[in-house]
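Engineer: Here is my input; please provide its structure:
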Amino acid sequence: MKKKRFLFVSAHPDDVEIAAGGTILSLKQKGHKVFIVDLTSGEPTPKGTEKKRKRETENANKILEIDRRYNLGLENRHLFDTKKARFLLAEKIRVIRPDVLFCPYPDDAHPDHVAAAKITEAARFYAKYTKTDLLGKPHYPFYLFYFYSNHLRIIPEVSFFVDISKQFKNKMKAIKCYKSQFIENKSNGFVFKYIKTMNKYFGHLIRSDYAEGFYSKEVLKVSDISTFI
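Structural biologist: Numbering: from 1, shown residues only. Prediction:
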């Protein structure tokens, strides 16, 4: 099996762990390369600081065995789909050269998540430009998938599920690294139960213990339909 490169784009540190931590662990166990680009630091938050959040992210990276994680330093709570944001991310896409790109689901109550989806969609296109001063060489990830770290009360529109039964325990460990967000901030304590319930429900739909769901706006290529059986 050819090893591939996967890039997850998030508005804040912890978004990817919540939505796709199990999938990342599964990819790493299969020998693939996984990268994360956080658009903001996620701060300020009620119990967090820049220093705390950075340390928490580094601890989560160790559990997930991320190959490399970047932070673009854009402004939390004021993340917008701007030319600057598009170009910064497009450069990372050109340098990392992922086969598959992930970003937040675009329908969300959190404006930063909505902006992150728009920035990613545009940066994916910008990354293939030829006559440009952008770093790196032109690159266009063939697949763009959306993950759910959602603040909107909706039933997710899922195109496919990834079985994370064997990875769920370590996924939760990675999320718990963000103590300032989910342990010290008591109002967010429900998150652990919510994630377990959602991943268990997704797993039930594919007859596994736990799963994560992803959405694709575009059609998916299947080389061997027997893999579904």
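Engineer: secondary structure class for the residue of the chain most remote from its centre?
Structural biologist: What lies farthest from the middle of the chain is residue 131; by CA atoms, centre = their mean that is 29.6 Å. Assigned by DSSP: H, G, I helix; E, B strand; the rest coil, the conformation of residue 131 is coil.
Engineer: Contact partners for it?
Structural biologist: Not one residue lies near residue 131 by CB atoms under 8 Å, 6 or more residues apart in numbering. Every residue, glycine included, has its C-beta placed from N, CA and C.
Engineer: next one: residue 162
Structural biologist: 22, 23, 26, 211, 212, 213, 214.
Engineer: Chain neighbours aside, what residue packs nearest to the first one?
Structural biologist: Excluding the flanking residues, the one nearest residue 22 by CB to CB, 6 or more residues apart in numbering is residue 164, at 2.8 Å.
Engineer: again with residue 110
Structural biologist: That would be residue 151: by CB to CB, 6+ apart, it lies 4.3 Å from residue 110.
Engineer: SS state for that neighbour?
Structural biologist: Three-state call for residue 151 (three-state DSSP): coil.
Engineer: Verify the stated contact: it with residue 107.
Structural biologist: No - applying CB atoms under 8 Å, one finds residue 151 not in contact with residue 107, separated by 10.5 Å.
Engineer: Looking at these two now, which is surrounded by more residues?
Structural biologist: Between residue 151 and residue 107, counted using other CB atoms under 10 Å, the more crowded position is residue 107 (15 against 12).
Engineer: thinking again about what came up before, could I get the phi/psi values of the residue nearest to residue 22?
Structural biologist: Dihedral pair for residue 164: phi -120, psi 30, per degrees, to the nearest 10.
Engineer: and the gap between it and residue 45?
Structural biologist: Distance check for residue 164 against residue 45: by CB to CB, to the nearest Å, it reads 27 Å.
Engineer: quick one: which of the two has more around it?
Structural biologist: With neighbours defined as other CB under 10 Å, residue 164 and residue 45 compare such that residue 164 has more, 25 against 20.
Engineer: any idea where the helices of the chain begin and end?
Structural biologist: 15-29, 50-64, 83-96, 111-126, 168-176, 179-182, 191-205 (DSSP state H).
Engineer: ranking those helices by burial, who's on top?
Structural biologist: Mean neighbour count, computed with mean count of other CB atoms under 10 Å, is highest for helix 15-29 among those, reaching a mean of 24.
Engineer: can you list the residues that contact that helix?
Structural biologist: 6, 8, 10, 34, 36, 38, 60, 64-66, 102, 104, 113, 147-149, 162-164, 166-168, 170-171, 174-175, 177-178, 191, 195, 199, 210-212, 214.
Engineer: Surely residue 11 is in contact with residue 111?
Structural biologist: No - if you go by CB under 8 Å, residue 11 and residue 111 don't touch, sitting 9.1 Å apart.
Engineer: Identify the contacts common to these two.
Structural biologist: residue 79.
Engineer: Spit out the contact partners of residue 31.
Structural biologist: residue 3.
Engineer: if we go to 10 Å?
Structural biologist: 1, 3, 4 (CB atoms under 10 Å, 6 or more residues apart in numbering).
Engineer: same question, residue 171
Structural biologist: Residues near residue 171 by CB under 10 Å, 6+ apart: 17-18, 20-26, 63-64, 164, 195-196, 199, 210, 212.
Engineer: That concludes my questions; thank you for your assistance.
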